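K.L.:
Let's see this in three dimensions:
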Amino acid sequence: MNSNETGRLLPWVGGRSVEVTEFSPLIEPWAGKTVAHVGIADADVVAAALAAATEARSQLAAMPVHQRARLLRAAAEVVQARADDLATEITMSTGKVIGHTRREASRVPWTLRACASAAETLSAAAPPPDAIPGGEGVTALLARLPVGIVAAVTPFNAPLNLVAHKVGPALAGGNCVVVKPAPQAPAPALRLAEILTEVGFPPGAISVLPGGRETGAALLSDPRVDLISFTGGTAAGREIRASAGTRQVLLELGGNSANLVCPDADIPLALRECISGGFSNNGQSCNSVQRILVHRDQHDQFAEALAARVAGLRLGDPMDPGTDIGPLISEPAAVRVEAAIADAVANGAKLRTGGSRQGAVIAPTVLSDVERTLPLYCDEVFAPVVIIEAYDTLGQAIDSANSTRYALQAAVFTASMETALRCFRELRAGSVIVNRSSNFRLDQLPYGGIGESGTGREGPRYATEAMTYLKSLVIVPTGS
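P.N.:
The predicted structure follows:
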């Protein structure tokens, strides 16, 4: 960890830690203990990071693709060797249970390797110039070049892999990148920056600036930033888009994922997937299962089985490998969710299991008969809470799935290819998952939503392309 014996986490700028004067406590949400003191990057530190990136950008842009790819693969090997330590750091910061953080850490090497492959296969092809009159004899070449400096703002819920999904593509495309990690979990981003510098990326290629809104505002308002990549809440995404001016903005925002269980579904599979997808990471994933739509003929039996299994999930210390549900990121977050559950019940919802709170821990919760106008139904819950509702026809289920303002991922459980293809056509979402929950993601595939769920796509190939620009060379022969 980028810390010393006093437990300090310092900003990483120009290939080294930098001293700061302001610190905030990093509080472990399970026991409420202070586990470190985070050095806050003020405006001067932000300026230093951007100066270092400006100095390094030409060197990184000129670095051969094979060298960028080699360094990304070398970093992947180091992350793999240190995965257990990284997982422990994530759990201590966020309360995410250790089994889930180990899986997160194990994904990062594959993400970085996919970024290396994206660098090697990045290409652009020009259409034939003589496809229209006047193009006879003309030669056209296209190249993809780095945009320059990428500002990456990352969330707490996957504070290593989601950082890798921004830093890896930025470096693969030849850009420098300045990361503003979530204030609740800066350590994984700092560790990844150390590793990338250790394997040979030039000082200034990557900086990490812990801090809150002031740090983020200083970074994103600086004209030296060429592209902004943000993962977080929809309201913050709107603010960033409004203030970005002509700069490109990639936004991965909220979700409220519907999972359709059709009459021909493998019910045991759907149950397992909806429980895993709704309650892993304590429900704090933007593609978590939030709504489960089940045909009316199977609804009651499915709801009873779901509630019984969810009631058996084990709450406890997230460092215990046997724990299924740990705390939310903070007690205020849990208080918000508790109030939303109580509001739904007061308005007629049936509480099938859960609903209680102890400190930052929300007991895993299943509700039915939730009024569609309530925040628990309409908004992103970001907690171990799922809603189950009945439908009569597939068209009705699709309409219900599409009834919120989010459009990130959706899922359908069916044995029918016709049903799967209809859902693919009609569900409003960036991805439709068949026979796995909406929480399913393969890191090399495109990931993102539309509307209130964001713009652009993550995934190494797609983000690397977005972090470059097309440049044309048109050669017109003399005398033509």
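
K.L.:
Report the contact partners of Ser368.
P.N.:
By CB atoms under 8 Å, 6 or more residues apart in numbering, the residues touching Ser368 are Ala303, Ala349, Lys350, Arg352, Ile387, Ile388, Glu389. No exception for glycine: its C-beta is placed from N, CA and C like everyone else's.

K.L.:
Helix, strand or coil: sort out the residue lying closest to Cys286 once chain neighbours are set aside for me.
P.N.:
Distances taken as CB to CB, 6 or more residues apart in numbering put Gly255 closest to Cys286, at 4.2 Å, once the chain neighbours are dropped. On the three-state scheme (DSSP: H, G, I helix; E, B strand; the rest coil), Gly255 is labelled coil.

K.L.:
still on that earlier bit, in ChimeraX, select just the buried ones from the contacts of Ser368.
P.N.:
Buried residues within the contacts of Ser368, by 16 or more other CB atoms under 10 Å, are selected in ChimeraX with:
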select :303,349,352,387,388,389
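
K.L.:
Distance to Glu331, secondary structure and pLDDT for the contacts of Ser368 - can I get that in CSV?
P.N.:
Shown next, in CSV, are the contacts of Ser368 (distance: CB to CB, whole Å; DSSP: H, G, I helix; E, B strand; the rest coil; pLDDT from 0 to 100):
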residue, distance to Glu331, secondary structure, pLDDT
Ala303, 30, helix, 98
Ala349, 24, coil, 98
Lys350, 27, strand, 98
Arg352, 25, strand, 98
Ile387, 24, strand, 98
Ile388, 27, strand, 98
Glu389, 30, strand, 97
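
K.L.:
which one of the contacts of Ser368 sits closest to Thr455?
P.N.:
Ile387 (27.1 Å; CB to CB).

K.L.:
ok, the closest one - contacts?
P.N.:
By CB under 8 Å, 6+ apart, the contact list for Ile387 reads Gln290, Arg291, Ile292, Val366, Leu367, Ser368, Val370, Leu376, Tyr377.

K.L.:
Sort out for me which of the residues you listed are in helices.
P.N.:
Using DSSP state H, the subset of these located in helices is Leu376, Tyr377.

K.L.:
distance between stretch 393-409 and the chain's centre?
P.N.:
22 Å (CA atoms, centre = their mean, to the nearest Å).

K.L.:
and the end-to-end length of it?
P.N.:
21 Å (CA to CA, to the nearest Å).

K.L.:
What of stretch 154-170?
P.N.:
One end of stretch 154-170 sits 14 Å from the other (CA to CA).

K.L.:
likewise stretch 169-178?
P.N.:
13 Å.

K.L.:
Quick check: Val38 touching Pro210?
P.N.:
Yes: at 4.9 Å, Val38 and Pro210 qualify as touching, with contact defined as CB atoms under 8 Å.

K.L.:
Overlap in contacts, those two.
P.N.:
By CB under 8 Å, 6+ apart, the residues touching both Val38 and Pro210 are Leu9, Pro183, Pro186.

K.L.:
Reformat those as JSON lines; add pLDDT.
P.N.:
Converted to JSON lines, the shared contacts of Val38 and Pro210 look like this (pLDDT from 0 to 100):
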{"residue": "Leu9", "pLDDT": "97"}
{"residue": "Pro183", "pLDDT": "95"}
{"residue": "Pro186", "pLDDT": "97"}
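
K.L.:
Which ones among these map onto strands?
P.N.:
Leu9 (DSSP state E).

K.L.:
quick check, Pro109 in a helix?
P.N.:
Yes: applying three-state DSSP, one finds Pro109 inside a helix.

K.L.:
Which residue, other than its chain neighbours, is closest to it?
P.N.:
Ala76 (3.9 Å).

K.L.:
How much space separates that neighbour from Ile90?
P.N.:
Separation of Ala76 from Ile90 (CB to CB, to the nearest Å): 18 Å.

K.L.:
Equivalent analysis for Ile98, please.
P.N.:
Relative to Ile90, Ile98 is positioned 9 Å away (CB to CB).

K.L.:
more crowded one of those two?
P.N.:
Using other CB atoms under 10 Å, the more surrounded residue of Ile98 and Ile90 is Ile90, with 28 against 21.

K.L.:
hang on, the more buried one packs against Gln184?
P.N.:
No: judged on CB under 8 Å, Ile90 makes no contact with Gln184 at a distance of 10.8 Å.

K.L.:
Leaving aside the residues adjacent along the chain, what's closest to the residue nearest to the spatial centre of the chain?
P.N.:
Taking CA atoms, centre = their mean, the centroid of the chain lies closest to Leu162, which sits 4.9 Å from it. In space, and not counting its chain neighbours, Leu162 is closest to Thr154: 5.2 Å by CB to CB, 6+ apart.
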